[in-house]
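Enquirer: model this:
(chains A, B and C)
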Amino acid sequence: MLAGYSGKAKNIEFIEDEKVKIIFRDSISAFDGVKLNELDNKGVINCKISTRLFQILHEYGLETHFISSSKDDEMICERVEIIPVETVCRNKTAGSFCRRYGVDQGIKFESPIIEYFLKNDDLHDPLVNKEVAVNMEWMNSEEAMLMEVITRAVNHILKEVFDLINLDLIDFKLEFGRNKDGCLLIADEISTDTMRLWVKKTGEIKDKDRYRKDLGKVIHHYEDILNRLNTINDLPNIETQTEANVNINLKSSVLDPAGAVTQRSLTRNQHETIETTRLGKNAKLIFSEFPSFSLLKEIKGISSEILSNPLIEDFEIELKYNL
Amino acid sequence: MKQLKIGITKFPGTNNEPDVARVLKSLEVDYEYIFPDDVEIFQEMDAIVLAGGFSYGDYLRPGAIAAHSTIINELKDFVEKERFIIGICNGFQILCETNILPGILTTNTSTRFISKWVYIMTEETTSPLLAGMKDKVLKIPIAHFDGRYYDLPEKIQELKQSKLIAFRYCDSEGTTTQESNLNGSLENIAGIVNKKGNVLGLMPHPERASFNYLSSEDGKMIFTNLIGELKC
Amino acid sequence: MLTVEELGTIKADIQRDPNKAELAIFEAMWSEHCSYKSSKRWFHHFNTEAPYLALGIGEGAGLIDLGEGLLVGLGLESHNHPSAISPYDGASTSVGGIIRDILSQGCRPIAILDSIRFGNLDSQHSQHLFENVVRGISFYGNCCGIPTVGGEVEFASAFEENCLVNAMCIGVVKKDKFVRSIAEKPGNFFVLYGALTGKDGIHGVSFASKDLNDKSEQDRPAVQIGDPLMEKILIDTTLDIIEKELLEGLQDLGGGGLSCAVTEMCSRGQTGAIIRLEDVPLREPSMKPWEILVSESQERMLAVVSPENLDKVCKVLERYDLMYSVIGEVTDNSHFIGFFKGNKVVELPINLVVEGFPEPERIQEEPYYVKIQSKYEQNPDLNLREEIEKLLSSPNIGDKAWVYQQYDQHVQTQTVVDAGSDSAVLRLDNGKHIALSLDCNSFMVYLDSYNGTANSAAEAMRNLVSVGAKPLAIVDCLNFGNPEKPDSYWQFVESVKGLGQFSNDFQIPIVGGNVSFYNESNIGGKTDRINPAPTIGMLGIIENYQKIIPNHFQKEKNIVILIGQNDGNLNGSEYLRYNHNILAGKISPYDFDSERIAIKIIETLNENSYISSCHDVSNGGAIVSLIEMTFQKNIGIKLDAKFLASEEISLEKFLFAETPARYFIEIDSSKMEDVEKILKGQIPYTVIGETTLEPIIAFENFLTLEIGKMKQKWKNAIPRFMEE
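Expert: From the prediction side, this is the model:
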């Protein structure tokens, strides 16, 4: 028998072919489960919003665990091992950010901020940094890099999409998982439970803060979001900002005549503390697609097969999303 | 008997193809320029000469971009079929970038381009392309920025043991000195052959030493050997 | 910037204020670089005619008819200002530019020569410029597959802030295939092809038409970046189109960019043009019309194509995967009309743009230093060995292998005599040989611009003669200071007169050239001006390859004769300048008769195959020439000292004076009698010694120089600064 488990708002059932069935319940909770309620139809609405947003991300070429929606409150997804660190992307200050740093809410960031949180209710999902997460082996450094650029890309897309329906995306969280092949996929749900949305100009709150702050009419506003999403026929044309820097360096065992000449010149100019100078190359690749695990794999292939010669050179890839 | 035809590769930036053609013409052999996507006619050739120059501007690494062009699969097929291939200068660099020949040609230790008449010693190999040339000292010009032959020590050892080193830089007497090794190649290596002996790669330019009005005709023998082999 | 007078001329002609785009065109076209406004009034001094000339001065390349349906094209251009600011890119684009000049006439480029000048090598700045200029030339020329076969290098403090980079290119074309840079028939199309147009090099010509100053570094955008791969593809494509005879006209886009190419071609054809600027393929989409008009992006050509051939031309361009665009048509209304997205942005009379500029008043005044006498007195305690070793280690005298070994000299397999000889010799496909030299002694031109220039031309000629060639044509590149300064302008005018005299005396036509003024800098309040440097490139022919003469001693026991008379004048010599730090006094005058007779003698001796080797006397004087002759084969010479010095001419003067019109020849002793028959009564000559197997230069019993040691000094003259 295939097992499963139950979360705060969803039930997960393992089904055949390395898939899972995710059933959205009507439960809603806040403050690590301290506040807990059932809201009619909430499961269906959130499942539909999540489905729609996953589909939109697929349209733009992002890789998620979502496969199909089976029932109104059910999604079929790839089975993944959830990474215990989630990302939060913020366009404006709100929520825990304001509490943590004692700042007003609604201050716009020059460029979006990415934060990492350890998923642990007992510890109240503490803020962590990449170095800690990688060292604790919650994720590897490549996953850390990918999670950041994917989160930025998702932000870019969702911001433009919500812009169409007069909503301001304040912040959101993303969870990631690896499938059986080790591919990094966006996982869990993307819904009004996992983001903040304000109506443009008025600043009216449309998300889970209505529940947290007891603003009332939670389901009404959730439904409104779904309705607004359903009015979108043509998705906006979004110019991706994906860029990779491939740094190619001669292996330390290989003579670097140009570096040696430069070194001699530096020494001649009284910079005696420079011990060694090695000159490398940099290739900047600018893409017309959004970042993904597959893209990184492709870049690795290009780097080892074309951009560098493995006999004498090493390379490092830095993936960036410039927004 | 069928008229021989030798293909000379012409990538954008290749510039020695007329020089190779000039030698083949003088030896009364037909030739054709092979462009990077000339897949159809490739296998009709009796042999291939990868001419020197700066394919794709030597941008990225010498030979690297050419090594990923359409005809390279055909070239690999040619190798498999044990047909003759000579890679000169940039052609040698392409052969290494495609792993048809081992090792790599990297920047001269001087970090400068070197254009000079030099001497190379023909080593003992089993390649028919070098038949009758053993121990011959050739006067021949070099012209390259990236001619320093490099490979891992154990691979160099293997080259030596399997007698795959074709040429080494030497002085006019044939002694392989440090001074004559202008680009800093390991073991003074100027050219190598593959195990089957059908592929030869070398940095010096035999086509530039194949006419009596130039300073030397020592390079011609490589071409006459090739043609001799093709005819038998 | 246009002058008030120039602006007035424009307004008077077009009866309105010129707009921004039009101003940009005038600024480019009326700059000194494009218009020759300070120089052209003197060009009547030049001999520009010869029966064998197929195309004279005025287009990309001069064309010489070598017979049998083969033309040789040659051109010479400066790229001084860009090289001083950005040496690598400046030098590489200098090579690219001159190649496209040759290509504009349909020539296949077969050789490059370079003349480069820098400050003294003990300065780090000069080392940097030198290193990178050579790298730039090497990178571009090598990648294009054109051998760099020769040239010259000179070092002097006067070039510290203003280095000079002059590039010469030679090409060949079949007589029935050559094209002109002309737009003749209305209705023909302008096709722009090659690289995309970007903002690089905007106002490059006006940059080259002013002094360098503290802010010049900020003018960097004016320096273009070269792409030799694109150039190589451009060459292959153009030659394919030329071979198919599809063009009515062709010009490269150089200084002044598109506006220059269009108006010059129309001016020659007495036509007009309509150009649609939005059809120019851009690298930066936001470019404004005026920027498109004067952009100096490299590797672009403008072809004039008839409607019948348009498809065929496009097909070739597509096969080579080259960007192109039909940007306009030739018209019959003698105006340059430019549209941008439907708006007329340019409407100017072609004549006004190309030659309507007012020629500025320029004043000449002899510089003060010309009258200063040299204070050098004969050295009574002359240490010959020391003086000779010092001279050999002067970078101006020493081996230039450090430079030319970075240039591919052998691609195209036609280089019969490499760089490092008096002249390079190339074998053409028809079996004939041509010789090429490029020369200038800027110290002599500084001291006496008239005689110095004529003697520099004579030196270029002697270099051809010493390899057995007959001179056919001259190209020049006149590098001078600010023409608005009277002493600088005097140098220029005197120099033109000197070159003019030479070209008329010897009936060698000047077939191409370039003037580069404003090689002057004002940095930190200090004004630096270059030595005037009219570099002279010369082409010669060798009808019979067996008559190519080596420059080095061939065997022992041969007799060495000095042809010509030493006048004992040390002024302007490298010996006085480098060894004794004196640059002053009256130099040896240009002497047509002695040059002419000496050439005749060498030719006669060579026709009879009497000469084993020959080398002219130039920089460093007789001793340096002699020592150089020993290097290649390590064949020494035993000098007969009694012939060397005389009452009038001391040994010091004999060895170090650079008197023109002199050659050393090596003769087989069995031929001596016949040779003397030819020499006697015709020309002064001195039998100075006999070659020896022993690798020494022996002055009887008082001095012996070991060739190995001399060679080491000579070889190390440049590397001692550049390596470590």
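
Enquirer: quick check: which ranges of the stretch 601-724 of chain C have low pLDDT?
Expert: When residues are selected by pLDDT under 70, those of the stretch 601-724 of chain C lie in C:641, C:643-645, C:724.

Enquirer: can you pull out the strands in it?
Expert: Using DSSP state E, counting those that start in this stretch, the strands of the stretch 601-724 of chain C run over residues C:611-616, C:636-639, C:663-668, C:685-692, C:696-699, C:703-706.

Enquirer: may I see these organised as CSV, with distance to A:Lys71 added?
Expert: Glycine gets a C-beta too; all of them are placed from N, C-alpha and C. Below are the strands of the stretch 601-724 of chain C laid out as CSV (distance: least, Cβ to Cβ, whole Å):
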stretch, distance to A:Lys71
strand C:611-616, 98
strand C:636-639, 104
strand C:663-668, 103
strand C:685-692, 106
strand C:696-699, 104
strand C:703-706, 101
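
Enquirer: can you redo the ones you listed as a markdown table with distance to B:Ser210 and mean neighbour count?
Expert: Below are the strands of the stretch 601-724 of chain C laid out as a markdown table (distance: least, Cβ to Cβ, whole Å; neighbours: other Cβ atoms under 10 Å in any protein chain shown):
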| stretch | distance to B:Ser210 | mean neighbour count |
| --- | --- | --- |
| strand C:611-616 | 27 | 24 |
| strand C:636-639 | 34 | 22 |
| strand C:663-668 | 30 | 23 |
| strand C:685-692 | 32 | 20 |
| strand C:696-699 | 37 | 20 |
| strand C:703-706 | 37 | 16 |
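
Enquirer: out of these, which is closest to chain B?
Expert: Closest to chain B of the strands of the stretch 601-724 of chain C, according to Cβ to the nearest Cβ: strand C:611-616, at 16.3 Å.

Enquirer: which residues does that closest one contact?
Expert: C:422, C:459, C:462-463, C:465-468, C:549-555, C:558, C:602, C:605-606, C:625, C:628-629, C:662-668 (Cβ atoms under 8 Å, 6 or more residues apart in numbering or on different chains).

Enquirer: show the buried residues in these.
Expert: C:422, C:459, C:462-463, C:465-468, C:549-554, C:558, C:602, C:605-606, C:625, C:628-629, C:662-668 (16 or more other Cβ atoms under 10 Å in any protein chain shown).

Enquirer: give the contact list for the residue of the stretch 201-350 of chain C at minimum distance from chain B.
Expert: Chain B sits closest to C:Leu229 of the stretch 201-350 of chain C, with a gap of 3.2 Å, by Cβ to the nearest Cβ. Listed by Cβ under 8 Å, 6+ apart, the contact partners of C:Leu229 are B:Pro12, B:Gly13, B:Phe54, B:Tyr56, B:Gly57, B:Tyr59, C:Cys143.

Enquirer: just give me the neighbour total for B:Lys195.
Expert: When neighbours are counted by other Cβ atoms under 10 Å in any protein chain shown, B:Lys195 registers 12.

Enquirer: need the contact list for A:Ile219.
Expert: A:Ile219 sits in contact with A:Leu39, A:Asp40, A:Asn41, A:Lys42, A:Ile45, where contact means Cβ under 8 Å, 6+ apart.

Enquirer: now, which of the residues you listed sits nearest C:Lys244?
Expert: Distances from C:Lys244 to these, taken as Cβ to Cβ, are shortest for A:Ile45 (70.9 Å).

Enquirer: against chain C, how distant is the residue nearest to that closest one when sequence neighbours are not counted?
Expert: Distances taken as Cβ to Cβ, 6 or more residues apart in numbering or on different chains place A:Tyr222 nearest to A:Ile45, at 4.8 Å, with adjacent residues excluded. If you measure A:Tyr222 against chain C using Cβ to the nearest Cβ, to the nearest Å, the figure is 44 Å.

Enquirer: wasn't A:Tyr222 part of a strand?
Expert: No. Using DSSP: H, G, I helix; E, B strand; the rest coil, the assignment for A:Tyr222 is helix, not a strand.

Enquirer: show the model's pLDDT score for it.
Expert: For A:Tyr222, the model assigns a pLDDT of 95.

Enquirer: number of nearby residues for it?
Expert: Summarising burial for A:Tyr222: neighbours were counted as other Cβ under 10 Å, giving 27.

Enquirer: pretty sure it contacts A:Lys42?
Expert: Yes. Taking Cβ atoms under 8 Å as the definition, A:Tyr222 is a contact partner of A:Lys42 at 6.7 Å.

Enquirer: which SSE is residue 77 in?
Expert: Since you didn't name a chain, this refers to chain A. Assigned by DSSP states H and E, A:Cys77 belongs to strand A:74-78.

Enquirer: sorry, I should have been clearer: chain B.
Expert: Per DSSP H and E: B:Asp77 is located in helix B:72-80.

Enquirer: what of A:Lys180?
Expert: Counting by DSSP H and E, A:Lys180 is part of no helix or strand.

Enquirer: separation between it and chain C?
Expert: Distance from A:Lys180 to chain C, by Cβ to the nearest Cβ: 44 Å.

Enquirer: got it, and A:Lys300?
Expert: Separation of A:Lys300 from chain C (Cβ to the nearest Cβ): 28 Å.

Enquirer: need the contact list for that residue.
Expert: A:Lys300 neighbours (Cβ under 8 Å, 6+ apart): A:Ile317.

Enquirer: tell me the residues of chain B that contact chain C?
Expert: Counting by Cβ under 8 Å from any Cβ of the partner chain, the positions of chain B adjacent to chain C are B:12-13, B:15-16, B:18-19, B:22, B:53-54, B:56-59, B:112-117, B:141, B:143, B:145, B:205, B:207-208, B:210-211, B:213-214.

Enquirer: just these: which are in helices?
Expert: Among the residues of chain B next to chain C, the ones falling in helices (DSSP state H) are B:Pro18, B:Asp19, B:Arg22.

Enquirer: Three-state assignment for the closest residue to A:Ala283 other than its chain neighbours, please.
Expert: Excluding the flanking residues, the one nearest A:Ala283 by Cβ to Cβ, 6+ apart is A:Val246, at 4.4 Å. For A:Val246, the secondary-structure state derived from three-state DSSP is strand.

Enquirer: just give me the neighbour total for A:Val246.
Expert: 20.

Enquirer: for it, name its beta-bridge partners.
Expert: For A:Val246, the residues forming beta bridges with it (DSSP bridges) are A:Ala283, A:Ile317.

Enquirer: what pLDDT does it get?
Expert: 97.

Enquirer: contact partners for it?
Expert: A:282-285, A:299, A:302-303, A:307-308, A:315-318.

Enquirer: distance check, it against C:Phe492.
Expert: Note on A:Val246: its distance to C:Phe492, by Cβ to Cβ, to the nearest Å, is 53 Å.
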